[in-house]
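1. Next comes the sequence, and after it the predicted model I'd like to discuss.
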Amino acid sequence: MNVELVLFGAFALLTLLSAGLVILARSPINSAMALVSTFFFLAGIYVLLWAHTVAVVQVLVYAGAIMVLFLFVIMLLNLGESAHRGKPTLSRILGGASAVGLLGVLGITLSRVPAQPANLGPQAQATFGTMASIGQSIFTQWLLPFEAVSLLLLVAMVGAVVVAKSRI
Amino acid sequence: MITPLAPYLPLAVVLLLAGLMAMAIPQLTTRLGPKRPSAIKSSPFEAGSESSGPARQRFAVKFYVVALLFIVFDVEAVFLYPWAVNFQALGWFGYVEMLVFAATLIVGLIYVWKKGALDWES
Amino acid sequence: MSRILTMLVAMATIVVALAGGVATAYLVGGFVEAHGFTGASRLTNIVFLMLVFVMIIATLLTLAERKWSAFMQDRVGPNRARLGIPGLKNRSLGGIPHIITDVLKMLTKEDFIPGMANRFLFNLGPLLAFAPVFALFAVVPAGPTVTVLGQKVDMVVATPDFGILYLFAIASLAVYGTALAGWSSNNKFALLGGVRASAQMISYEVALGLSLVGLFLTFSSVQLPALVGDVANALSPATGQGQYLWSTQVFGLDIGIPAWGFIIQPLGFIGFFVASFAETKRAPFDVPEGESEIIGYFVEYSGMKFGMFMISEFVEVVVLAGVTTALFFGGHNLPIFGEALANNAFMQEHGWVYGTILGTVFWLKVLFLIWVQLVIRWTFPRFRYDQIQSLGWKILLPVGLVNVFVTAALVLWDPSLRALGVVGILEIAVFVALTLSKKENSEAGAHGDAHGHDHGHAAPAGAHADPHPSAAGAH
């Protein structure tokens, strides 16, 4: 029995369970906590794929930073359970439609993935997904997207201040 | 069997152990302690004065701005780590690359600073 | 006179206990490697490092903090609890029985949940406060890699590729503990404390991450064992903080200035120490707890659930001291004579003796840094919340960014790190000068007779915890 397969099954099941809780939980704060655990178990799957750096960034940025913002918004706005439970509103219809669209895109992508797993030599296995190899490709091959990220972050920073400025 | 996953076994054990300990230790109090609930005891503790109004109130939008700035600089730091690991191989070229990246964010920081979003008292 | 004698006996006991613990850890590690499977010593390291060393030091710290605060405030401190053992009935034993009574008290209190609280989240709060903090120590190396019973044994639990980022990632999860505890209690004080705590923790996480980048790029690694490094021996040159910046031989012994983190990265050290001090939410950063007014996010917790918040604070203190030792004080390396010890024929033959000596050195450094944290905790008054936020965003963040690029330029200019060392020593000199000049001012001012009391402690505390004037002055 392959240990990695068992672990993958466990992490996948836990990820799906937590993701299910995100949409089924009645209180938004429970949803947010379920999303945190989804990200955590997803990081476990990344580790199994040898994507070490992506795994730790997943926890650091998504579970540790972005979800804190979610939690703040829920806590600070004091969101309770939704009064319009189950009623089709415009945002719900749009949200459902985009979820179906995303599912379609993912399906098409998955159908094009070759059935044979990629074969890495022992040398490539040792460095695959490490900090050093990720950095190597970001700072040589993907230089322009990397610099573009700084513009995106700048926009986010300015946007936050502009939106909040009317109140502080 | 040497795989890149081998170093993660103790890490997984540690995380599991941490979770189990954190769940088990408070259970001891639940089992050992008495249970004497009363209406006064279960009201919010406010140093003796009568509690008025709901406890969960809305908060200043400042906290939200702080959280958003935190995400931005956290992402910046995430890019700094692989850069630092490869730094000596990349040399001055890598130095300038990161300087351009950071300069853009420093412009943002100066903007945020000048707009007063970092001032707590206002 | 008898007081000095007692202190000497206590210190000797501590050193012997540490050495005994480290030696046991190495020997058991070698035994399970030889008779179990490869990597089994990592699992015994979990028991020795995390359950024995960290947890026992954290438990003793609950008493040490009360005793030390009593000493600083000219009190006796806890001394009333007695053990009912013949011969010990009339002895306070330095207050050690108080640890036992505290635990018994917490275990037998009512497990109380406030009426309007969200029960699930209320129970989740202490869990999320303790579990991440406990798991932090896994990547900290507490001793060198040595050969015991023919097997390579190291004193670290895990060495993942992302190294210290594990620490950042797991520490960032602790925010949920405080936020959920504050929110779920349905108490205004708790909510205020929880929101303050989480905003403070995320503000300082930024500075925390930035302050270490200079060190990472100096040694081109994010893995703690590589950052700690080893001294030069017959087989390999010195790595990491085991290197010397300048060294010479005196009577066959090596002395010099080692490339320790606080010498080559003083700004990084101060930034890291202040930021992680704020993460532990201890005075002067204790606004979220504010014992005298809002009590804090755990105001509604009782029994062992409160105990989880309390013990995780002390575990944080130990972990912070351990990480700071590994990053900035050379980990298990000796400042001088390291090479002479490593190349000694007896030490090379008996790896576990070598490991025990250096492992004890590591834990002694940790105890020293814990003591520094106690002194800071009981010396400085609480900062205002706006001061805390502006220290994080307006001082530590810009200084951290400048430090990254200055360090990077110096490393590229002079890969031997000596330029970095010169700049670092100059920075330390500026800090010391600024701290001393400030002290003279306050002596000349209104505090004419107050300075005598904290005379002995002012120098380390002022140099480490007061980046305000020094950091601003250096840039």
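-> Perfect, thanks for sending it.

2. helix, strand or coil for residue C:7?
-> Here residue C:7 is recorded as helix under DSSP: H, G, I helix; E, B strand; the rest coil.

3. Check the gap between it and residue C:378 for me.
-> Plainly put, residue C:7 is 19 Å away from residue C:378 if you go by CB to CB, to the nearest Å. Where you see a C-beta, it was placed from the backbone N, CA and C, and this is true even at glycine.

4. out of the two, which sits in the busier spot?
-> Between residue C:7 and residue C:378, counting by other CB atoms under 10 Å in any protein chain shown, residue C:378 is the more crowded of the two (19 against 10).

5. so who does the more buried one touch?
-> Counting by CB atoms under 8 Å, 6 or more residues apart in numbering or on different chains, residue C:378 makes contact with C:68, C:69, C:72, C:73, C:283.

6. Closest residue of chain B to chain A?
-> Closest residue of chain B to chain A, CB to the nearest CB: residue B:82 (3.0 Å).

7. Which element, helix or strand, includes the closest residue to that residue other than its chain neighbours?
-> Once flanking residues are discounted, residue B:82 sits nearest to residue A:135: 3.0 Å by CB to CB, 6 or more residues apart in numbering or on different chains. Using DSSP states H and E, residue A:135 maps to helix A:131-136.

8. In chain B, where is pLDDT below threshold?
-> For chain B, the stretches with pLDDT under 70 are B:1-4, B:47-48, B:52-53, B:55, B:121-122.

9. Spit out the contact partners of the residue nearest to residue B:51 when sequence neighbours are not counted.
-> For residue B:51, ignoring the flanking residues on the chain, the nearest one in space by CB to CB, 6+ apart is residue B:44 at 4.7 Å. The contact partners of residue B:44, by CB under 8 Å, 6+ apart, come to B:51, B:55, C:114, C:116, C:185, C:186, C:187, C:188, C:300.

10. Summarise which helices and strands the host helix or strand of residue C:66 is packed against.
-> Using DSSP H and E, residue C:66 falls within helix C:55-72. When contacts are defined as 3 or more CB pairs under 8 Å, 6 or more residues apart in numbering or on different chains; DSSP states H and E, helix C:55-72 sits against helix C:97-107, helix C:303-328, helix C:351-379.

11. switch the cut-off to 10 Å
-> Here helix C:55-72 touches helix C:2-35, helix C:97-107, helix C:119-135, helix C:303-328, helix C:351-379, going by 3 or more CB pairs under 10 Å, 6 or more residues apart in numbering or on different chains; DSSP states H and E.

12. and those helices as CSV, adding mean pLDDT?
-> What follows is those, written out as CSV (pLDDT from 0 to 100):
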stretch, mean pLDDT
helix C:2-35, 89
helix C:97-107, 88
helix C:119-135, 90
helix C:303-328, 91
helix C:351-379, 92
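
13. Using CSV, lay out those together with distance to residue A:97.
-> Shown next, in CSV, are the helices and strands packed on helix C:55-72 (distance: least, CB to CB, whole Å):
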stretch, distance to residue A:97
helix C:2-35, 57
helix C:97-107, 53
helix C:119-135, 33
helix C:303-328, 45
helix C:351-379, 55
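
14. about what we covered before: please point out which parts of the helix holding residue C:66 sit buried.
-> Of the residues in helix C:55-72, C:55, C:57-68, C:70, C:72 count as buried by neighbour count, 16 or more other CB atoms under 10 Å in any protein chain shown.

15. Need the pLDDT of the residue of chain A found nearest chain C.
-> Here the residue of chain A nearest chain C is residue A:64; by CB to the nearest CB that distance is 2.8 Å. On pLDDT, residue A:64 comes in at 88.

16. Convert the lowest-mean-pLDDT helix or strand in chain A to PDB, retaining C-alpha atoms only.
-> Ranking every helix and strand in chain A by mean pLDDT, DSSP states H and E puts helix A:122-127 at the bottom, with a mean of 73. The C-alpha trace of helix A:122-127 is given here as PDB (Å, rounded to 0.1, in the frame of the first residue of the first chain):
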ATOM      1  CA  PRO A 122      16.500  11.900  -9.000                       C
ATOM      2  CA  GLN A 123      18.300  15.200  -9.500                       C
ATOM      3  CA  ALA A 124      15.100  17.000 -10.500                       C
ATOM      4  CA  GLN A 125      13.200  15.400  -7.600                       C
ATOM      5  CA  ALA A 126      15.600  16.800  -5.000                       C
ATOM      6  CA  THR A 127      15.200  20.400  -6.200                       C
END
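
17. Say whether chain C is contacted by it.
-> Yes: counting by CB under 10 Å from any CB of the partner chain, chain C is contacted by helix A:122-127 at A:126, A:127.

18. I am finished for the moment; much appreciated.
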